[in-house]
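K.L.:
sequence-free structure coming up:
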């Protein structure tokens, strides 16, 4: 690899380093860039919207604002889980739209340094990993770092959030 290519790869890694809100889905740990997180709220009544994908649970009314809400378990093809006291809705900002994402539990905010981030391995053309920023190796565990813009298609929410 040339020195220029090595520098480019290091700059990409540097852009991914930073603070992440970590949460659990099933047995796995995930992270969202903290700058995209607006707040964390407890699970609340969700109004279903007909004609949306299964993973779009509907909308919540948060202090008078209607916010589309996605169940990340369903978005990832995992089985739906009963509501628990640890389940939460993480209010995020996706391309200028607030979107709630339902997670099993919120863990903590972590500083992820450059040297702890690796690129997502390639699983071939049949498995899409474009929504993953990378994998953080912290404390003997791997945390999957998510890119919300690629994970959540804004067109799904344009009519719901209007």
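P.N.:
Alright, I've got the coordinates. Since we're looking at a predicted model, the values are computed, not measured. Numbers count the residues shown, from 1 in each chain.

K.L.:
where's residue 37 relative to residue 49, distance?
P.N.:
According to CB to CB, to the nearest Å, residue 37 and residue 49 sit 23 Å apart. The way it works is simple: take the backbone N, C-alpha and C, and place the C-beta from them, glycine included.

K.L.:
the two - which one has more neighbours?
P.N.:
Just comparing residue 37 and residue 49: by other CB atoms under 10 Å the higher neighbour count belongs to residue 37, 20 against 15.

K.L.:
so that one makes contact with residue 89?
P.N.:
No - judged on CB atoms under 8 Å, residue 37 makes no contact with residue 89 at a distance of 11.2 Å.

K.L.:
show the contacting residues for residue 141.
P.N.:
By CB atoms under 8 Å, 6 or more residues apart in numbering, the residues touching residue 141 are residue 29.

K.L.:
looking at it now. What's its pLDDT?
P.N.:
For residue 141, the pLDDT comes out at 90.

K.L.:
where along the chain do the helices fall?
P.N.:
3-16, 72-75, 148-151, 154-158 (DSSP state H).

K.L.:
identify the bridge partners of residue 69.
P.N.:
residue 58, residue 100 (DSSP bridges).

K.L.:
actually residue 31, not the one I wrote
P.N.:
Beta bridges link residue 31 to residue 22, residue 145 when assigned by DSSP bridges.

K.L.:
hang on, the earlier thing: among the helices of the chain, which gets the worst mean confidence?
P.N.:
helix 3-16 (a mean of 56).

K.L.:
for burial, what's the neighbour tally of residue 36?
P.N.:
Residue 36: 18 neighbours (other CB under 10 Å).
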